[in-house]
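Asker: I'd like to go over a predicted model; first the sequence, then the structure.
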Amino acid sequence: AASCAVGSLHKYSPQAISNLCWALFRLRDAEKEEVVATFTVRVVWQVMAQMPEFDGKDLASIISAMSWLPSQEVRMLATAVAEYAGMSEKDIHTQALLNIALAGTRLQVAWDSMWPLLLRISGVFTCPRSK
(Lines give C-alpha, C1' and ligand atoms only; values in the text may rest on other atoms or scores of the structure.)
Protein backbone atom coordinates (compact mmCIF):
# COMPACT_ATOMS: atom_id res chain seq x y z
CA ALA A 1 0.00 0.00 0.00
CA ALA A 2 2.82 2.41 0.88
CA SER A 3 4.61 1.87 -2.41
CA CYS A 4 1.37 2.64 -4.26
CA ALA A 5 0.71 5.72 -2.14
CA VAL A 6 4.17 7.26 -2.56
CA GLY A 7 3.46 8.79 -5.95
CA SER A 8 0.02 10.13 -5.11
CA LEU A 9 0.27 10.95 -1.42
CA HIS A 10 -1.16 14.42 -2.04
CA LYS A 11 -4.49 12.77 -2.93
CA TYR A 12 -4.80 11.06 0.45
CA SER A 13 -6.63 12.55 3.41
CA PRO A 14 -4.66 13.36 6.58
CA GLN A 15 -6.41 10.43 8.31
CA ALA A 16 -5.39 8.04 5.51
CA ILE A 17 -1.77 9.21 5.72
CA SER A 18 -1.87 8.71 9.48
CA ASN A 19 -3.25 5.18 9.08
CA LEU A 20 -0.62 4.30 6.48
CA CYS A 21 2.13 5.52 8.81
CA TRP A 22 0.91 3.33 11.66
CA ALA A 23 0.63 0.29 9.43
CA LEU A 24 3.99 0.80 7.78
CA PHE A 25 6.03 1.68 10.85
CA ARG A 26 4.52 -0.99 13.10
CA LEU A 27 4.55 -3.82 10.57
CA ARG A 28 7.74 -2.98 8.80
CA ASP A 29 9.68 -5.58 6.88
CA ALA A 30 13.46 -5.49 6.46
CA GLU A 31 13.01 -6.29 2.77
CA LYS A 32 10.93 -3.12 2.34
CA GLU A 33 13.33 -0.62 3.93
CA GLU A 34 13.70 1.31 0.67
CA VAL A 35 9.91 1.69 0.45
CA VAL A 36 9.84 2.84 4.09
CA ALA A 37 12.59 5.40 3.47
CA THR A 38 10.89 6.78 0.36
CA PHE A 39 7.48 6.84 2.03
CA THR A 40 8.93 8.61 5.07
CA VAL A 41 10.46 11.41 3.02
CA ARG A 42 7.25 11.87 1.03
CA VAL A 43 5.09 11.98 4.14
CA VAL A 44 7.44 14.48 5.78
CA TRP A 45 7.23 16.84 2.82
CA GLN A 46 3.48 16.34 2.39
CA VAL A 47 2.76 17.14 6.03
CA MET A 48 5.17 20.10 6.01
CA ALA A 49 3.44 21.51 2.92
CA GLN A 50 -0.09 21.06 4.26
CA MET A 51 0.27 21.15 8.04
CA PRO A 52 -2.71 23.49 8.67
CA GLU A 53 -4.96 20.97 6.90
CA PHE A 54 -4.05 18.24 9.39
CA ASP A 55 -5.81 18.16 12.74
CA GLY A 56 -3.85 17.67 15.94
CA LYS A 57 -4.84 14.03 16.26
CA ASP A 58 -3.47 13.17 12.80
CA LEU A 59 -0.25 15.13 13.37
CA ALA A 60 0.28 13.38 16.70
CA SER A 61 -0.47 10.00 15.18
CA ILE A 62 1.95 10.48 12.29
CA ILE A 63 4.77 11.72 14.53
CA SER A 64 4.15 8.98 17.09
CA ALA A 65 4.28 6.26 14.43
CA MET A 66 7.39 7.71 12.79
CA SER A 67 9.22 8.22 16.08
CA TRP A 68 9.99 4.51 16.20
CA LEU A 69 12.22 4.87 13.12
CA PRO A 70 14.13 8.07 13.78
CA SER A 71 15.86 9.84 10.94
CA GLN A 72 16.89 13.37 10.11
CA GLU A 73 13.69 13.89 8.11
CA VAL A 74 11.47 12.58 10.90
CA ARG A 75 13.25 14.79 13.46
CA MET A 76 12.73 17.78 11.15
CA LEU A 77 9.00 17.00 10.92
CA ALA A 78 8.73 16.44 14.67
CA THR A 79 10.35 19.82 15.25
CA ALA A 80 7.93 21.52 12.86
CA VAL A 81 4.91 19.76 14.39
CA ALA A 82 5.99 20.62 17.95
CA GLU A 83 6.47 24.29 17.00
CA TYR A 84 3.16 24.36 15.11
CA ALA A 85 1.21 22.70 17.95
CA GLY A 86 2.78 25.04 20.46
CA MET A 87 1.93 28.21 18.55
CA SER A 88 -1.23 27.24 16.68
CA GLU A 89 -4.55 28.72 17.67
CA LYS A 90 -6.27 25.52 16.55
CA ASP A 91 -8.00 23.48 19.19
CA ILE A 92 -5.66 20.54 19.69
CA HIS A 93 -6.77 18.01 22.29
CA THR A 94 -4.58 17.45 25.31
CA GLN A 95 -3.87 13.82 24.39
CA ALA A 96 -2.58 14.91 20.97
CA LEU A 97 -0.38 17.58 22.58
CA LEU A 98 1.04 15.01 24.98
CA ASN A 99 1.68 12.52 22.16
CA ILE A 100 3.48 15.18 20.11
CA ALA A 101 5.63 16.04 23.14
CA LEU A 102 6.43 12.38 23.79
CA ALA A 103 7.43 11.79 20.17
CA GLY A 104 9.48 14.99 20.18
CA THR A 105 11.30 13.83 23.28
CA ARG A 106 11.88 10.39 21.78
CA LEU A 107 13.29 12.05 18.65
CA GLN A 108 15.43 14.46 20.68
CA VAL A 109 13.81 17.62 19.31
CA ALA A 110 15.63 20.69 20.66
CA TRP A 111 14.08 22.13 23.82
CA ASP A 112 13.76 25.61 22.33
CA SER A 113 11.51 24.12 19.65
CA MET A 114 9.53 22.16 22.26
CA TRP A 115 9.12 25.03 24.74
CA PRO A 116 5.93 26.63 23.28
CA LEU A 117 4.30 23.19 23.18
CA LEU A 118 5.30 22.49 26.76
CA LEU A 119 3.89 25.85 27.87
CA ARG A 120 0.64 25.06 26.09
CA ILE A 121 0.46 21.68 27.83
CA SER A 122 1.23 23.23 31.23
CA GLY A 123 -1.61 25.69 30.65
CA VAL A 124 -4.03 22.79 30.42
CA PHE A 125 -3.03 21.55 33.86
CA THR A 126 -2.62 24.92 35.59
CA CYS A 127 -5.61 26.04 37.59
CA PRO A 128 -6.26 29.77 37.74
CA ARG A 129 -5.71 31.20 41.18
CA SER A 130 -8.73 32.55 42.96
CA LYS A 131 -8.51 36.06 44.39
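Answerer: Yes, it's here. Residues are numbered from 1 along each chain as shown.
Asker: surely residue 41 meets residue 73?
Answerer: Yes: at 5.5 Å, residue 41 counts as touching residue 73 under the criterion of C-beta atoms under 8 Å. Yep, even glycine has a C-beta here, placed from its N, CA and C like the rest.
Asker: any idea which element residue 62 lies in?
Answerer: In the assignment (DSSP states H and E), residue 62 maps to helix 56-66.
Asker: tell me the mean pLDDT over the following helix or strand past that helix?
Answerer: Later in the chain than helix 56-66, the nearest helix or strand by DSSP H and E is helix 72-87. Averaging pLDDT along helix 72-87 gives 96.
Asker: and the helix or strand just after helix 72-87, what does it pack onto?
Answerer: The helix or strand immediately downstream of helix 72-87 is helix 94-106, counting by DSSP H and E. With contacts defined as 3 or more C-beta pairs under 8 Å, 6 or more residues apart in numbering; DSSP states H and E, helix 94-106 has these neighbours: helix 56-66, helix 72-87, helix 111-125.
Asker: and among these, the most buried is which?
Answerer: helix 56-66 (a mean of 24; mean count of other C-beta atoms under 10 Å).
Asker: now that helix: average pLDDT?
Answerer: For helix 56-66, the mean confidence score works out to 93.
Asker: so how far is that helix from its chain's centroid?
Answerer: Helix 56-66 sits 4 Å away from the centroid of its parent chain (C-alpha atoms, centre = their mean, to the nearest Å).
Asker: show residues contacting it.
Answerer: 14-15, 17-18, 21-22, 24-26, 40, 43, 47, 51, 54, 74, 77-78, 81, 84-85, 90-93, 95-97, 99-100, 102-104, 107 (C-beta atoms under 8 Å, 6 or more residues apart in numbering).
Asker: again with stretch 37-48
Answerer: Contacts for stretch 37-48 (C-beta under 8 Å, 6+ apart): 2-3, 5-6, 9-10, 17, 20-21, 24, 54, 59, 62, 66, 69, 71, 73-74, 76-77, 80-81.
Asker: and stretch 97-110, by the same measure?
Answerer: In contact with stretch 97-110 (C-beta under 8 Å, 6+ apart) are residues 56, 59-61, 63-64, 66-67, 70, 74-75, 78-79, 81-82, 85, 113-114, 117-118, 120-121, 124.
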